[in-house]
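**Q** attaching a predicted model along with its sequence, questions to come.
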Amino acid sequence: MRGLRLRLWQAGLLLFFLAWWEWASRTGRLDPFFFSKPSEIAGRVWRWFSTGEIYPHLYITTLEMLLAFFLGTLLGVVLGLWLALAPSVAAVLDPYIKALNAIPRVVLAPIFTLWFGLGVLSKVALGVTLVFFVAFFNTYQGVKEVSPVVLQNARLLGARPGHLLRHVYLPSAASWIFSSLRTSIGFAVIGAVVGEYLGSAAGLGYLIAQAEGVFDTTGVFAGMVVLMAFVLLLDAVVGQVEGRLVRWRPRMEGE
């Protein structure tokens, strides 16, 4: 019941905002040239889906996002585990990791385009640079948060390094890793869309860039709406998977 009330409040807030936006655009409070109208944006989204125009672009963005998400997460989790369990190696690599993380990802997009061309690979590479550090730092911190008392007790009971990894480190870091996955989904989409926006022949970013090029604000907002719905859907899927895999974790208030 509490969840239903929360959803009603969220839906009511959205409807109120859309109603105000429509009213302001129709009465001249907002210039439709710059802000369009929710009714026209909804009509454009409906046309894209009813004619099938949007599906090739969704496919490309989904492919780029999934590749960036899985590759970036895999590399981040593996390297995070390795460095958390090897403090001396972590101390050596620490300044390099901080320096690489400090590079603004947008400036890498033209370089990846030069290296990998305008196709899928350049967008995946940009997405991996965004996802990797989120997964890496969460995994690293999750392993570091393991209680020394639990580790000592496990060693006293004869646990070997493989047992510690499987039964102590990974379960302890699971909630950190899954928290990073929900954030990483958004970053993977950002990497794909920003790459498409800067140079591509297909994808949601390309669609938004094309609309912006002809001052079509309705197309720009429609692309953003599809993008937001896409990310919310992916976040819900990851949330369901997280809930099934970490059932032991105490539920937080509001979940």
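**A** All right, it came through fine. Given the structure is predicted, the values throughout are model-derived calculations rather than measurements. Residues are numbered from 1 along each chain as shown.

**Q** going by C-alpha atoms from here, please, whenever you check contacts or count neighbours.
**A** Fine.

**Q** any idea of the mean pLDDT for stretch 212-227?
**A** For stretch 212-227, mean pLDDT is 90.

**Q** roughly how far does the closest residue to residue 113 other than its chain neighbours sit from residue 132?
**A** Leaving aside its sequence neighbours, residue 113 sits nearest to residue 122 (Cα to Cα, 6 or more residues apart in numbering; 5.4 Å). Computed with Cα to Cα, to the nearest Å, the distance linking residue 122 and residue 132 is 15 Å.

**Q** same question for residue 243.
**A** 23 Å.

**Q** which one's more surrounded, these two?
**A** A count of neighbours by other Cα atoms under 10 Å puts residue 132 above the other of residue 243 and residue 132, at 27 against 15.

**Q** now do that one against residue 61, distance only.
**A** Counting by Cα to Cα - residue 132 and residue 61 are separated by 18 Å.

**Q** what of residue 220?
**A** Counting by Cα to Cα, the gap from residue 220 to residue 61 is 16 Å.

**Q** which strands and helices sit next to the longest helix along the chain?
**A** Secondary structure of the chain per DSSP state H: the longest helix is helix 55-85. Here helix 55-85 touches helix 87-102, helix 120-144, helix 170-198, helix 204-213, going by 3 or more Cα pairs under 8 Å, 6 or more residues apart in numbering; DSSP states H and E.

**Q** save these as TSV, and put in distance to residue 51 too.
**A** Output for the helices and strands packed on helix 55-85, formatted as TSV (distance: least, Cα to Cα, whole Å):
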stretch	distance to residue 51
helix 87-102	42
helix 120-144	25
helix 170-198	22
helix 204-213	15
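
**Q** burial-wise, tell me which of those comes out on top.
**A** Burial of these is given as mean neighbour count (mean count of other Cα atoms under 10 Å); helix 120-144 ranks first at a mean of 25.

**Q** going on from it, what's the next piece of helix or strand?
**A** Using DSSP states H and E, the helix or strand that follows helix 120-144 in sequence is helix 148-156.

**Q** just checking, next helix/strand downstream of that following helix?
**A** By DSSP H and E, the next helix or strand past helix 148-156 is helix 161-164.

**Q** list of residues touching that next one?
**A** 151, 154 (Cα atoms under 8 Å, 6 or more residues apart in numbering).

**Q** skipping adjacent residues, who's closest to the residue at minimal distance from the centre of the chain in space?
**A** Central residue of the chain (Cα atoms, centre = their mean): residue 186, 1.7 Å from the mean position. If you skip the residues right next to it in sequence, residue 186 has residue 231 as its closest partner in space, 6.4 Å away by Cα to Cα, 6+ apart.

**Q** which positions in the helix or strand encompassing that neighbour come out as buried?
**A** Assigning secondary structure by DSSP H and E places residue 231 in helix 217-245. Buried residues in helix 217-245, counting neighbours by 16 or more other Cα atoms under 10 Å, are found at 217-224, 226-227, 231, 234-235, 238-239, 242.

**Q** helices or strands up against it?
**A** By 3+ Cα pairs under 8 Å, 6+ apart, helix 217-245 packs against helix 32-35, helix 38-51, helix 170-198, helix 204-213.
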